[in-house]
Structure formats: structure tokens, C-alpha cells
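Participant: Task: produce atomic coordinates for the following.
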Amino acid sequence: MSVDEGMRMVVDTCMKIQPDEKVVIVTDDNSIYLGKTIRKAVLEKTKQVRFFNLDIYGQRPLRSLPKPILDEARNATATFFVASSIKGELDPIRLPLIRAGVLAGRHAHMVGLTEEIVEKAINVDYNRVAEFTNKIYQMAKKTKKIRVEGENGTQFTATVGRYRWVSSTGICSKDIKAAGEWLNLPDGEVYTTPAELEGAAVIDGTMGDYFSEIFDLRSIKNSPLKLEIEQRDRPTIVSVESKNKKLEEEFKKYVSRHTCSRWIGVIGLGTNIFIEEEIGKILMDRKSANAHLTAGNPIPELTYADWTCPESADLVIPRCDVWFDDKKIMERGRYIIS
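Facilitator: This is a model prediction of the structure:
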């Protein structure tokens, strides 16, 4: 499929845009081609489209979501974010846009989208992704303990079930007139907030927020980030080590910003069975067959966690083994269930 066809899939299959809808698209200079491609696909469905480029509002990172964008997003039935991941913009830009977008509609979040990601993770059969994701979701809901191990030294156990599991299929699950849903495209994952989690997590896959923009995947694989996690009031990162001292220090600063920055907000599994490789982009790599954690934000609007956090760094652990209670469901990054 072409990029145009991939964007039509996002508009038609994933977001289900209808003729009477009011749509807002937010992009930036780095993503302007893909932003315009989304706009072209949306205009085939509705003429009520507002298009914004973040870079015209000042030097990045911006300190707050520009008022014209905020006002339009609050009244839209569908919003799209197709822009770069800029250090310092998660809390002032991306999270407010999501909150505004779901007030009266639904939101598609595609931070750091590239043509390669469209080709490898969006131009897929999302009906099959949804079917497999929901299979894992039904198993996860019945699970009390998740164990994750890897040859890289990862070995931790999480207690789950206190908070809501989320099935993120890439297809809007609600009636399109209902508000409150958002997709993180490309999609395909299940996740929850762990009630408890202890052990060692060795991150030799892609890292989220702005980390993948600073540290390429090869450097992380060569010098993984080793985290020790203890159960305190909440699962807490107590030790950070890496042979790459720049990575170690940057992550230490990140998890020291707030008390909650050290807490593990999410444990998840990627379920997009069509993704065959890591490319160093968290948007796609988090959705491949793997286990991942998030330092910070537990996405309380979806998991119903009783806390929140302005930081949100996804941490991918590829090629791992995963057990749901005593049932092994993944071996070296491949699902082994029928």
C-alpha cells in the first residue's frame, strides 16, 4: 500500500470519519507531508477540517497548547496529532490536546509518524490486529500475575487486576458519536497499571518520550538501561545503570523530576502481529510482540488508576518470555498461543 492508502485506512477503518464531522489536524514542519496526507484523506469524508502547524506558534518546545488549537479541539468530533516528539512538550502540548480532543469526540495520536512506520505498521489488516489483541486482552483480564524474563537479565513479576486492562486495537470501539476514546496509532497492544511490580528490567529496546530522538536503537542495544524496581507504596525504580553514562544520567534526571516519575505506570504487551522488526521509533516498536513498561503516567483516564504523572517514558523489552500466571504465552518475543 502507498502512504495515501495508509492514511485512508487511518481515516476510514481506524477513526471511522463520517460526512457530518468536525475534524482538527495538528502537525509540524517535520511531519507536514504526513499531516497533509491525513488532511487529504479526511477531506474525502468531510469538508469541516481545521489544519494547524505547531511551528508557526513559536520556537519549540512550546510552553502551552496554542489557544486557537485548544478551542477548535474542544469542539471537534475527531482530532489527529501528526507531529514530532519534542523534549518538553508532553505535558504542555500533547496531553492537553488529547484531553481536549476526547471532550466531544475521539483522538488519533501519531507522534513521530514516518513513512516507514506507515508502510510497516499502519498498512496492515487492522481487523486481524483487533482479533488477536482482543484474544490477549481476554486472557489478561483473568490473570493475577505476569512474569517477564529475558536472556538480557530481565526478571520481574507484576501483580495485576486492581486496575482496568485496556485493549488497544487500532479501531474505534465505540459508536462514533460517543466521546472519550483515543487511539495511539499505529496500534496493537494491551496494557494496565500494575498494582505491584518487583525485579530487574533490562531495557535494550526502544525508549519513549524524547529518548528515541536522542539515543538511537543501536546505542541502547549496545549499552542497555538496567533498572531495579522495588514495591513500595507503588512499583518504584530504585536503581538506574548503563555503560552509556549519558543515557544513564539523562534517565536519572527524567525519573527525578517528580516522585511519580519513578513509579511504573503501565505494563503492556505489543499485539500488532504484522510488525516484523524494530526501527527505533517508539510509536511502532511498542506495538510489536514484546513486553513494555512505562515510567510515569499510568493513563488513568483509561486504566482507572488512582494517580497520574506528567512524565511518560515507554521502555521496550524485546525478545523476552512472558507468562500469564503459569501459562507461557510469549517466547523470545514471539507469541506461542494458538
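
Participant: where does the stretch 201-338 of the chain have low pLDDT?
Facilitator: Scanning the stretch 201-338 of the chain for pLDDT under 70 picks out the ranges 338.

Participant: For it, just list every one of the helices.
Facilitator: Remark: helices assigned in the stretch 201-338 of the chain by DSSP state H, counting those that start in this stretch are 211-214, 217-222, 245-254, 282-285, 300-303.

Participant: go on, the stretch 51-200 of the chain?
Facilitator: Under DSSP H, counting those that start in this stretch, the stretch 51-200 of the chain gives helices at 67-75, 95-101, 115-117, 126-141.

Participant: buried residues in the second one?
Facilitator: Buried residues in helix 95-101, defined by neighbour count with 16 or more other CB atoms under 10 Å: 95, 97-101. C-beta: built from backbone N, CA, C; applies to glycine.

Participant: Also the first one?
Facilitator: Judged by neighbour count (16+ other CB under 10 Å), helix 67-75 contains these buried residues: 69, 72-74.

Participant: Dump those into JSON lines; add distance to E213 and pLDDT as well.
Facilitator: Below are the buried residues of helix 67-75 laid out as JSON lines (distance: CB to CB, whole Å; pLDDT from 0 to 100):
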{"residue": "I69", "distance to E213": "22", "pLDDT": "98"}
{"residue": "E72", "distance to E213": "27", "pLDDT": "98"}
{"residue": "A73", "distance to E213": "24", "pLDDT": "97"}
{"residue": "R74", "distance to E213": "29", "pLDDT": "96"}
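
Participant: if I look at G153, how far off is L62?
Facilitator: Using CB to CB, to the nearest Å, G153 is found at 39 Å from L62.

Participant: So for these two, which residue has more residues nearby?
Facilitator: Taking neighbours as other CB atoms under 10 Å, G153 and L62 compare with L62 leading, 17 against 12.

Participant: Correct me if wrong: that one contacts L90.
Facilitator: No - with contact defined as CB atoms under 8 Å, L62 does not count as touching L90 (11.6 Å).

Participant: quick one, domains of the chain?
Facilitator: 3-113, 125-335 (automatic domain parsing).

Participant: Can you check which of these gets nearest to E119?
Facilitator: domain 3-113 (7.2 Å; CB to CB).

Participant: Can you check the distance spanned by that closest one, start to finish?
Facilitator: Length of domain 3-113, first residue to last, CA to CA, to the nearest Å: 11 Å.

Participant: Can you give me the distance of P224 to M330?
Facilitator: From P224 to M330 the distance is 19 Å (CB to CB).

Participant: in the stretch 1-150 of the chain, which spans are strands?
Facilitator: Along the stretch 1-150 of the chain, counting by DSSP state E, counting those that start in this stretch, strands occupy 23-27, 49-53, 78-82, 106-109, 145-149.

Participant: need the ones you listed in a markdown table with mean pLDDT and distance to E116, can you?
Facilitator: Shown next, in a markdown table, are the strands of the stretch 1-150 of the chain (pLDDT from 0 to 100; distance: least, CB to CB, whole Å):
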| stretch | mean pLDDT | distance to E116 |
| --- | --- | --- |
| strand 23-27 | 98 | 17 |
| strand 49-53 | 98 | 22 |
| strand 78-82 | 97 | 15 |
| strand 106-109 | 96 | 18 |
| strand 145-149 | 98 | 28 |
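
Participant: Return the most buried member of the ones you listed.
Facilitator: strand 78-82 (a mean of 29; mean count of other CB atoms under 10 Å).
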